[in-house]
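S.K.: give the three-dimensional model of this entry:
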Amino acid sequence: MDVLTDLAHGGRWTSLRAHGREWLWRRGAPERHEVSPGDAFVDAGGLEECIPTVRGDPDHGDAWSRLWTQDGDTHHVRCADFALGRTIRSTPEGVTADYHLTAEPGYRFVWAAHALLDLSPDATLHMNSGASTRLFPEAGPLLHRPWPAGAPWIEGPWPAPHGLSLDRLGPDDGTAVGAVVDAPWCCVHDGRDRLSFAVRAEGHPVSIALWRNLGGFPRPSPYRSTGVEPMLGRTFDLADAGPTDAVRVPATGEVRWRLTVDSVCHCP
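M.R.: Predicted coordinates for the structure are as follows:
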């Protein structure tokens, strides 16, 4: 598996290629080259490092708009409240990315490897059946029940929480739905090709976030994009996180985790 990154523009993974297939979806966004911290998010596709939040303030986090640097094999970014290091290494089946965050003890964050994938309408997503899955308010119009007033999310079992099937993509239908699944791994099947993700962070909450955008976002010029996003934490917006929904930096002042991406199936 071959990985390319763009350190000058947020440390974004710009290519993830295995067995002749490019897995990352990308779009032309020349304005990305002019952004500064605090600017509105510019979607160029690829895999974004979203931290300390995904939604909310700042949108897609604080690292995507900053210059990253390299020291040996490790990529570094320094943000307002934390510093993050990332070391990507090849393995026989794919790559691992080891992360090291330093911040004041007690600092809370969520992180997502916001991977937008170039998938066919026949692609399917596989995780533990029955895993608790959070739906967010944009799913409300697709459900056969009213959205609870003021609720940041509702929960149901994977793969069809509250009757909304999420494991099959299908053709464009004008919808866009986010979800967070209480699972440490996800496997994507697209024809004969496979792509698996796993995240591990000892002592911290991990999950898989999904962004199933079938031509429903952004308005007024929507496009199709599918996000499969290994995550630390269990919500998109840090502001909504309860006591167990985000990572809290321990007394050591550091948190370490590992992302594994393979081009083979690891489904049970």
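S.K.: S165 - nearest residue in space that isn't next to it in sequence?
M.R.: P159 (6.3 Å; C-beta to C-beta, 6 or more residues apart in numbering). For glycine as for every other residue, the C-beta is placed from the backbone atoms N, C-alpha and C.
S.K.: repeat that for R168.
M.R.: Per C-beta to C-beta, 6+ apart, closest to R168 is T124, 5.5 Å.
S.K.: would you mind measuring from that neighbour to T96?
M.R.: For T124, the distance to T96 equals 25 Å [C-beta to C-beta, to the nearest Å].
S.K.: the two - which one has more neighbours?
M.R.: Using other C-beta atoms under 10 Å as the criterion, T124 and T96 rank with T96 on top: 16 against 13.
S.K.: so is the more buried one in a helix, a strand, or just coil?
M.R.: Three-state assignment for T96 (DSSP: H, G, I helix; E, B strand; the rest coil): strand.
S.K.: number of nearby residues for T74?
M.R.: Neighbourhood size, T74 [other C-beta under 10 Å]: 13.
S.K.: re the thing from before, burial of the residue nearest to S165, as a residue count?
M.R.: That count, for P159 with other C-beta under 10 Å as the rule, works out to 20.
S.K.: cool, and G10?
M.R.: Using other C-beta under 10 Å, G10 has 23 other residues around it.
S.K.: tell me who's in contact with it.
M.R.: G10 makes contact with 32, 35, 48-49, 63-66, 68, according to C-beta atoms under 8 Å, 6 or more residues apart in numbering.
S.K.: show the backbone phi and psi for it.
M.R.: Main-chain dihedrals, G10, degrees, to the nearest 10: phi 90, psi 10.
S.K.: and if you look at L164?
M.R.: Backbone geometry at L164, expressed as degrees, to the nearest 10, gives phi -100, psi 100.
S.K.: that one contacts A139, correct?
M.R.: Yes: contact criterion C-beta atoms under 8 Å: L164 and A139 qualify, at 6.1 Å.
S.K.: so between those two, which is more surrounded?
M.R.: Per other C-beta under 10 Å, whichever of L164 and A139 has more neighbours is A139, with 22 against 18.
S.K.: re the thing from before, tell me which of the contacts of G10 fall in strands.
M.R.: Taking DSSP state E, the ones among the contacts of G10 that sit in strands are 48-49.
S.K.: any idea which helix or strand comes after the longest strand along the chain?
M.R.: Taking DSSP E as the criterion, the chain has its longest strand at strand 206-217. For strand 206-217, the succeeding helix or strand toward the C-terminus, using DSSP states H and E, is strand 223-232.
S.K.: return the set of buried residues in that next one.
M.R.: 224-232 (16 or more other C-beta atoms under 10 Å).
S.K.: dig out what the residue nearest to R168 forms beta bridges with.
M.R.: R168, H189 (DSSP bridges).
S.K.: hmm, H189 and it touching each other?
M.R.: Yes: taking C-beta under 8 Å as the definition, T124 is a contact partner of H189 at 4.9 Å.
S.K.: closest to L101 among the buried residues of strand 223-232?
M.R.: Of all the buried residues of strand 223-232, L101 sits closest to L232, with 9.3 Å by C-beta to C-beta.
S.K.: leaving out chain neighbours, which residue sits closest to that closest one?
M.R.: L232 sits nearest to W111 (C-beta to C-beta, 6+ apart), 4.4 Å away.
S.K.: which phi and psi values does that neighbour adopt?
M.R.: W111 adopts backbone torsions of phi -140, psi 140, taken as degrees, to the nearest 10.
S.K.: ok, now which ones touch it?
M.R.: Contacts for W111 (C-beta under 8 Å, 6+ apart) come out as 49-52, 61, 99, 101, 231-233, 247, 257.
S.K.: how far away from the center of its chain is stretch 7-18?
M.R.: Centroid separation for stretch 7-18 versus its chain: 14 Å, with C-alpha atoms, centre = their mean, to the nearest Å.
S.K.: ugh, typo on my part, it should be stretch 189-205
M.R.: Taking C-alpha atoms, centre = their mean, one finds stretch 189-205 lying 11 Å from the centre of the chain it belongs to.
S.K.: show me what counts as buried in that stretch.
M.R.: Residues of stretch 189-205 classed as buried by neighbour count (16+ other C-beta under 10 Å): 189-190, 193-199, 201, 204-205.
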